[in-house]
Each structure stands twice: as structure tokens, then as C-alpha cells.
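In: Here is my input; please provide its structure:
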Amino acid sequence: MNEHFDLVVVGAGPAGEKGAAQAAYFGKKVCLIERAPKPGGAAVNAGTIPANTLRESAVLLSGLRRKGMYGVEFHVQSELSVADFMQRERQVKESAWRDIEENIARHQITAIQGTARFTSPQAVEVTRHGQAARSITGDVFLIAAGARPWRPSHVPFDGSVIVDSTDVPTMPTIPARLIIVGAGTIGCTYACIFAALGAQVTIVTSRERLLAQFDHEVGDALRQEMTRRLGVQVHLDQEVTRIDAQAGLGYVTVADGTTMVAECVLYCAGRAGATEQLGLENAGIATTERGFIRVDERYRTSTTSIYAAGDIIGYPGRASTSMEQARVAMCHAFGLRYKQAVSSVVPYGVWTIPEVASVGMSESEARSRGITCEIGRAELQHNARGQILGETTGFVKLVFNAEDQQLLGATIFGEGACEIIHVPSAVLAHQGSLDYFIQAVFNYPSMTEAFKYAAYDGLQRLQRRIAAGGGLASGR
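Out: Numbers count the residues shown, from 1 in each chain. Sure thing, here's the model as predicted:
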């Protein structure tokens, strides 16, 4: 029997759920298909929620936040497993599942569990073990099946010694030694987490610095903190030539012939679109070499009645942007004038120890575009709230146009960065200038006070340039 809908969504992660709800909100008949037993995608079940919960547990139970305040040392018991730290994670996931399921029910969305495969541009077949296949047709489709860790063929993944990020929540023990290949968001986050849990962590990357997508100062500052505070060994500009597993140990060899050994090797060097089982060839949908679906500015695929959003289309691959992409896609698909584009101001956060966040342009990006810019900095060691909390590591950095002081971007390194980054995000969205931070009244004591002092620092730097007699184009 054929079942027909206005919209068929494949994948119930952040993009799939929000896209389905957006269409249903405006009266469309929607079907949401999810392969996993529970909704939420990687964000809830394997990535963002588990990683953040494990991080908070590690920071809390290791006493990391209290060592500088009271001089009290805490040590995590070495025989504990990752699962021992995940009780809170389970509670958070269950709450997220309930919220998603209630949202689906409230919008009268038909939810189907099973694996969807396109049989034509207008139809998918949904299969589930022990049940007859179902044929689902639709006027519009939204593919939101997510992404998975990139698994190159030369890496011998076994789920225990050589693992990827999806294996972390079910690791039987906290390894005494851990080698992480890759220094992006996932690699740096897990390096901090496992070091806080007591593991001897080594990062190996071919990049010249950690978190290369951020302002250059971030990578240097994070490396210093990882080394000083957490004891992480960092090997930059090192090409990994071989990864092996023998007798329960992992071996990583780099280009100069050096071989490192650990109980576990975590490979974190990219993502790939989860498109293998979707039958995209039957729908005429083009993908990249790594399986990401190609879309236009409205998130249409090469088949115009089929849209894609979220991790499956690649960068930036964040839950926050995935939701907005899907909403924009569905508004375009059904001619709704509710939401026409994803905001150009997108904050980016990484929950390392301490956190990193940015929005807009970095200093180097602004200069590469030929903009006459200046910066303002505030060190968090001088922030009263940070001193009270024992969190004084880090800085706030504002980048602004030297000619009219319009804000161009902001970078924050320090605890709470992923929360307070939304202040400069709002200023950017409204094309504001340093004057906002100068005129605003911030609670005292609060971490957000740092923005005011960064703005004052920026104005002082600007005045020194002018006073030097060379005008705005001189100086930095």
C-alpha cells in the first residue's frame, strides 16, 4: 500500500526534526523516518550531548575547577569506565528524547522507524527487521541523515584499540594512555576530557596548530593550557604514516619514523556524509567524494523537489546551523515567507578545557580582506567573576574596523566562552560598533564585563595609532 505525504523527512536529528515541524506548523502533512530506535541523531545520541556531559563530569569529578581556589587535589579512580561518568548523560538524553517525541506528536507528524532508501525521486522504501517494506511517496523530500566519522581504509578500526568518536561513550575503561590523531574540534575536546580523567594523552596532527579554523592565538593558548594544566603532549606538523594494533596496544608512526604506543588510538580526522544506504543514485542526487550532498543556497539538491540539510551537506556541521538550514529549506519548498535565509552571523563554540568560541572575522581574516582593522583585548585574569569562580585563564578579543569602529568579529578563550559569545553575536547581527560595549551596563561581577574592557583597550590602541602620526593605516 502506498502512503503519500506533502513532505517526507529522512532522519530525526536536529535538521530533520525542525524541518518536519516547520512544515507541519503551516499545515503540511509530514512523515518523519528515522532508522535508529530513538530520535535526536548524533547530536543527542553519539556526539554533542555525550561529549559535553562527559566533559562536565570530568571537570567536576576531577576537581579541576577547585584546584586553583583551594589547593585541594582530586584524583579520578583509574579503574572507572567512561560509562561510570555517563549516568547524567543518560538522564539528559532521555529528556531530549521526550522533548523531541512530544514535538513530533504536537505537530501531528507521522513518525516511522526504519531504513529509508530512494526508489525514485518521488518515493522511498522503508524497511525494518521483521516487518513488510513500506512505500512512501511525497511531493517534497528533506534528507537529514547526518554524518559519520571518516574512516579511511588504511586505518584498522576495531572498536576497542583503534576507535572513532562514536565508540567513545561505550569504551569499557578509561585508557592509561591515549593517542588522538587530529587536532580539530573533536580531537581537542576529547584530549581535554580524557586528560582531566587522568589519562596520559598525546595529540598528533599534520596541522601547524590546534583548532586551525580559529584565530591563531587560540591554538597557541589552548596548547599551552593543555600542556600546563592537563599534561597533554602535543605533536604539531607531524604526518601520520601508519596506525597499527597489536596485542591490545595501538601504535602510531609519524613521518620521521617515530612510533608512539598507547592502550587506545582515537582517530578524529574528518567526517563523511551518511549516504551509503539512501539509494541516492535512484533519485539523481549528486554527492562529493566523502558522501556529502551538494545543495544550492536554498538547500535544494540536484533534484529540485529534494532538499538536504544538516551534517549531511558538510560544513559547518553544527546542530545549531542544521536546524536553521532545514527551516529555510522547508520555507522555500512550500513558498512560506517565514524564514528566507540562515543568519550570516553564526557563533562557533568548542567545549575544550577551557572553552573556545568565535563569531565573525578573526584578525587575520580581516587583514587578508584588506580591511583596516584594530583589536581590543581583555585578559580574564583581571575579571572579578572569574577570580571568584577560580576561572582566570583566557582572553576576550574584539576585531573592529579602525575607520568607524564597527565590530567585525570576536574570539573568546576561557570558561563560559560558548555562552557569552552570543553578546558580540547580537552586536554583529545589528551591525553595531565598539560603542555598544562602551555604553552598555554589564552586571558586576560577571564574565561579560570583559567585553567592555576589551572595547576600551581597542579604543586606546586606536588612539595610539593616531597619536603616532601615521593615521589609521599605520600600526598593526
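In: need the helices for the stretch 101-250 of the chain, in chain order.
Out: Ranges of helices in the stretch 101-250 of the chain, per DSSP state H, counting those that start in this stretch, are 185-196, 216-230.
In: Buried deepest among the ones you listed, which one?
Out: Compared across the helices of the stretch 101-250 of the chain, helix 185-196 shows the largest average neighbour count, a mean of 25 (mean count of other CB atoms under 10 Å). Glycine gets a C-beta too; all of them are placed from N, C-alpha and C.
In: I'd like to know which elements that helix is packed against.
Out: On a contact count with 3 or more CB pairs under 8 Å, 6 or more residues apart in numbering; DSSP states H and E, helix 185-196 meets helix 48-61, strand 177-181, strand 200-204, helix 216-230, strand 348-350.
In: downstream neighbour of the last one in the secondary structure list?
Out: I take that to be strand 348-350. strand 356-360 (DSSP states H and E).
In: Okay, buried residues for the helix or strand containing Arg90 please.
Out: In the assignment (DSSP H and E), Arg90 maps to helix 87-106. Buried residues in helix 87-106, defined by neighbour count with 16 or more other CB atoms under 10 Å: Glu89, Val92, Lys93, Ala96, Trp97, Ile100, Glu101, Asn103, Ile104.
In: related to what we said a few turns ago, what's the closest of the helices and strands packed on helix 185-196 to Met330?
Out: helix 48-61 (22.6 Å; CB to CB).
In: what angle sits between the closest one and helix 185-196?
Out: Angle, helix 48-61 to helix 185-196, by axes from the mean of the first three to the mean of the last three CA atoms, to 10 degrees: 30 degrees.
In: orientation of helix 48-61 relative to helix 87-106 in degrees?
Out: Helix 48-61 runs at 150 degrees relative to helix 87-106, counting by the same axes, to 10 degrees.
In: Please dump the buried residues of helix 87-106 into JSON lines; it should also carry pLDDT and distance to Glu225 for every row.
Out: Formatted as JSON lines, the buried residues of helix 87-106 follow (pLDDT from 0 to 100; distance: CB to CB, whole Å):
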{"residue": "Glu89", "pLDDT": "78", "distance to Glu225": "25"}
{"residue": "Val92", "pLDDT": "86", "distance to Glu225": "27"}
{"residue": "Lys93", "pLDDT": "87", "distance to Glu225": "29"}
{"residue": "Ala96", "pLDDT": "91", "distance to Glu225": "30"}
{"residue": "Trp97", "pLDDT": "92", "distance to Glu225": "35"}
{"residue": "Ile100", "pLDDT": "95", "distance to Glu225": "36"}
{"residue": "Glu101", "pLDDT": "95", "distance to Glu225": "40"}
{"residue": "Asn103", "pLDDT": "95", "distance to Glu225": "39"}
{"residue": "Ile104", "pLDDT": "96", "distance to Glu225": "42"}
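In: Of the helices of the stretch 101-250 of the chain, which is nearest Thr303?
Out: Within the helices of the stretch 101-250 of the chain, the stretch nearest Thr303 is helix 185-196; the backing value is 31.4 Å (CB to CB).
In: Now do the closest one against strand 200-204: the angle between them, please.
Out: Using the same axes, to 10 degrees: helix 185-196 against strand 200-204 is 160 degrees.
In: mind starting the numbering at 9 from now?
Out: In the new count, where the first residue is 9, that last one comes out as helix 193-204.
In: domains for this protein, by residue range?
Out: Following automatic domain parsing, one gets these domains for the chain: 10-155+280-341, 170-277, 362-475.
In: so can I have JSON lines of those domains showing distance to Pro355?
Out: Conversion of these to JSON lines gives the following (distance: least, CB to CB, whole Å):
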{"stretch": "domain 10-155+280-341", "distance to Pro355": "8"}
{"stretch": "domain 170-277", "distance to Pro355": "12"}
{"stretch": "domain 362-475", "distance to Pro355": "4"}
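In: Run the chain-centre distance for stretch 348-367.
Out: Centroid separation for stretch 348-367 versus its chain: 8 Å, with CA atoms, centre = their mean, to the nearest Å.
In: what about that stretch, start to end distance?
Out: 21 Å (CA to CA, to the nearest Å).
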